[in-house]
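Enquirer: The sequence and its predicted three-dimensional model are supplied below.
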Amino acid sequence: MAAQTRRVRVGHGAVVCVPEMNHPVRVAERAAALDLISNGRLELGTARSSTWTELGGFEVNPDDTKITWDEFVRALPQMWMQEEFEWEGKAFAMPRRNVLPKPLQQPHPPMWVTVTSPGTELDAAERGLGCLGVSAAGYEEQERRTKEYHRVIQNCNPVGELVNDQVHTMNFLYCHEDYRQARDIGVPMVNAFNVANAHLYWTREAYPTRAYQTLGNAGAAMKAKKPPADDPSVAKGLPEGVGVGDPDHLVRTIKRWESIGVTGINFLLNAMEMVPQEQVLESMRLFAREVMPQFRNADDHAQAVYTPAAIEAN
Amino acid sequence: MLVGTANLEQLAAEAAEVPQFAAQEIACEDVVCLQLTAEMPNAARESVLPPSLHPTVPAALSIQVYAVGNSPWGSFNFATTRISCRSGVRARGFTTRTVVDNPEASAGMRSQLGFPAVIGTVRFRHGYDGASVQVGLDGRDILHIEAIDPEPMGLDDVQYTGTLNLAQTPKGLRLMQVEAHTQASRVDRLQARLEAFDSAGWGNPLLDPIYVIAASMTRIQLVYPPVRFVCKADELAFTGTEPVE
């Protein structure tokens, strides 16, 4: 995809930053190669995993993942920017080497943190990293988290040479002219994803630790609010804030997210093959035709659709 | 999507009779709880659960052993084995069997909370240096845990998921959703060895804890509020959940 597209940003889905699963030098190499192939469009996501399904498989000590993630995000920009890199830490150690290739973007690609546990958005803000929300949160909760994130990032100590102050969330997308059809196809897709996701065995459930204080995505989903009565999605039988509906509903929904500080949304287009591919493509075409023109930069084909702001840290 | 495939008639053979849903909470004081989590073979993950529940990946179970200092049934010990599962998207444990050392408590747990409780011996030694558990049923040792090296943790660092007990209720054969409200005053993580686990003794020969993940020991106040929801055992939670009036 990085080689075949020209304008969209390329999100490297969150790399789990624990050494038993990914050595940081390999992460730096892969990311830099992807940045070169995409002609400087990479966005690198970082994470530490919230499931025993993953951590247990690699015999990772859950107590350590926040520590190792912190080392990774501090080391990666240095690997990209320095000719001679060396490290002595808890997660890994290495003598002086030139880590190659170097990425195309200068000073380095934007970095993100996936946010599942409440509070991780502040870890992102303190380090000048973008906030990539992957758990379901209603408008009110997301607004609270976004405000806190922006407050803290003003005084961040950035891990690299740029501050990525963007807040993205995860959502679903199914767009159809008839909201009833959108609902009938899209809502089962959302439910199928949530049930499949819930099969994962959460670290907190398996292992007593201070490092994981919620039951992964499921915990957040359980706290998601039902839409208030004056939300137009109620009349259409759709959940609050979910990108399932007709173009009008989707424009309203995305504008609502935008109004509370969300700068981008990563849409899941299908789950468990619930929606036939042709319908997925139709949904995307309708979205591109009717919804995207309502938003900033949608007609500016000369520019990347999304470019992170590099701001000076205090 | 994975769903349980166990034969409901067989599962229901030992189901407790709950003549009426309790309106009052059940408070247990001065409780010590040892919880051990373990992975099971994935081959058995669907066949040990009723069709309303989803297994976890990997398949897992939790063993909980309680010493109850005071309760409406007096002091007693009990041990219970639960298969980790999902009811809809919610994390739950499906009880396969509960062994209680006090006949009055066993009867109360069956009739009020739907636990598949049987009377046996539950020896639970707990101290500053660790814990030891031995559970006997019908003259057989069905559980032996040795846990050492307690490491103090934060009071919120242990998760107890809700319990689902298959029982004959006023609404018919249902999974009773038993919530346990806990308030911890001490939490330790321990290194545990599972010295013995007799799967038949715990209600299902397919249970096989092949890899111990972790163990914790807590001092808690434990309250079972009145059951609020039940779920049809042969229907997914999205449509099969019913409130208890």
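Expert: Perfect, thanks for sending it. Residues are numbered from 1 along each chain as shown, chains lettered A, B, ... in the order given.
Enquirer: Does anything pack onto the longest strand seen in chain A? Which helices or strands?
Expert: Scanning chain A for the strand with the most residues, using DSSP state E, yields strand A:167-175. Other helices and strands packing on strand A:167-175, by 3 or more C-beta pairs under 8 Å, 6 or more residues apart in numbering or on different chains; DSSP states H and E, are strand A:130-133, helix A:139-153, helix A:179-198, strand A:243-245, helix A:247-259, strand A:264-268, helix A:277-286. Using the backbone N, CA and C atoms, a C-beta is placed for each residue, glycine as well.
Enquirer: now it, how far from the centre of its chain.
Expert: Chain-centre distance of strand A:167-175: 10 Å, with C-alpha atoms, centre = their mean, to the nearest Å.
Enquirer: Identify the residues contacting stretch B:185-198?
Expert: A:208-209, B:34, B:36, B:38, B:63, B:130-131, B:140-155, B:157-158, B:207, B:209, B:212, B:214-221 (C-beta atoms under 8 Å, 6 or more residues apart in numbering or on different chains).
Enquirer: Buried subset of those residues, written for PyMOL?
Expert: Buried residues within the contacts of stretch B:185-198, by 16 or more other C-beta atoms under 10 Å in any protein chain shown, are selected in PyMOL with:
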select buried, (chain A and resi 208+209) or (chain B and resi 34+36+38+63+130+131+142+143+144+145+146+147+150+153+157+158+207+209+212+214+215+216+217+218+219+220)
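Enquirer: now, which of the contacts of stretch B:185-198 lie within strands?
Expert: B:34, B:36, B:38, B:63, B:130-131, B:140-152, B:212, B:214-221.
Enquirer: moving C-terminal of the worst-scoring helix or strand of chain B on mean pLDDT, what's the next helix or strand?
Expert: Between all helices and strands in chain B, the lowest mean by mean pLDDT, DSSP states H and E belongs to helix B:237-240, at a mean of 92. Going down the chain from helix B:237-240, the next helix or strand is strand B:241-243, by DSSP states H and E.
Enquirer: Quick one: residues in contact with that next one.
Expert: Strand B:241-243 has contacts (C-beta under 8 Å, 6+ apart) with B:87-88, B:171, B:174, B:228-232.
Enquirer: right, and out of these, which lies closest to A:Glu177?
Expert: A:Glu177 lies nearest to B:Gly88 out of the contacts of strand B:241-243, by C-beta to C-beta, at 31.0 Å.
Enquirer: Counting neighbours, what do you get for the closest residue to that closest one other than its chain neighbours?
Expert: Excluding the flanking residues, the one nearest B:Gly88 by C-beta to C-beta, 6 or more residues apart in numbering or on different chains is B:Ala237, at 3.8 Å. The tally of other residues near B:Ala237 (other C-beta atoms under 10 Å in any protein chain shown) stands at 22.
Enquirer: Tell me how far B:Ala237 lies from B:Arg92.
Expert: Per C-beta to C-beta, to the nearest Å, B:Ala237 is found 9 Å from B:Arg92.
Enquirer: between those two, what contacts are shared?
Expert: Contacts common to B:Ala237 and B:Arg92, judged by C-beta under 8 Å, 6+ apart, are B:Leu53.
Enquirer: hmm, back to that, ok, now which ones touch the residue nearest to B:Gly88?
Expert: Contacts for B:Ala237 (C-beta under 8 Å, 6+ apart) come out as B:52-53, B:87-88, B:90, B:231.
Enquirer: Please repeat the previous calculation with a cut-off of 7 Å.
Expert: B:52, B:87-88, B:231 (C-beta atoms under 7 Å, 6 or more residues apart in numbering or on different chains).
Enquirer: Next: B:Phe76.
Expert: Residues in contact with B:Phe76 (C-beta under 7 Å, 6+ apart) are B:68, B:100-102, B:105.
Enquirer: Surely A:Gln44 is in a strand?
Expert: Let me fix one detail, which is that residue A:44 is Leu and not Gln. Yes - secondary structure assignment places A:Leu44 in a strand (DSSP: H, G, I helix; E, B strand; the rest coil).
Enquirer: Tell me the pLDDT of the nearest residue to A:Glu83 once chain neighbours are set aside.
Expert: Closest residue to A:Glu83 apart from its sequence neighbours, by C-beta to C-beta, 6+ apart: A:Asn98 at 5.4 Å. For A:Asn98, the pLDDT comes out at 98.
Enquirer: what about A:Asn98, neighbour count?
Expert: 10.
Enquirer: same thing with the one 4 residues further on?
Expert: Applying the criterion other C-beta under 10 Å, we find 18 residues in the vicinity of A:Lys102.
Enquirer: do the same with A:Arg180
Expert: A:Arg180 has 12 nearby residues by other C-beta under 10 Å.
Enquirer: Next step: the contacts of B:Ala237 restricted to strands.
Expert: Under the assignment DSSP E, these contribute B:87, B:231 to strands.
Enquirer: any idea which of the contacts of B:Ala237 is the one closest to A:Leu122?
Expert: Among the contacts of B:Ala237, B:Gly88 lies closest to A:Leu122 (C-beta to C-beta), at 30.5 Å.
Enquirer: is it true that that closest one touches B:Gly240?
Expert: No - checked against C-beta atoms under 7 Å, the pair B:Gly88 and B:Gly240 is beyond contact range at 9.4 Å.
Enquirer: Look at those two and report which has more neighbours.
Expert: Under the neighbour definition other C-beta under 10 Å, B:Gly88 and B:Gly240 were set side by side, and B:Gly88 has more, 21 against 18.
Enquirer: can you give me the helices for the stretch 1-150 of chain A?
Expert: With DSSP state H, counting those that start in this stretch, the ranges of helices along the stretch 1-150 of chain A come out as A:24-37, A:52-55, A:65-81, A:120-126, A:139-153.
Enquirer: All set, thanks.
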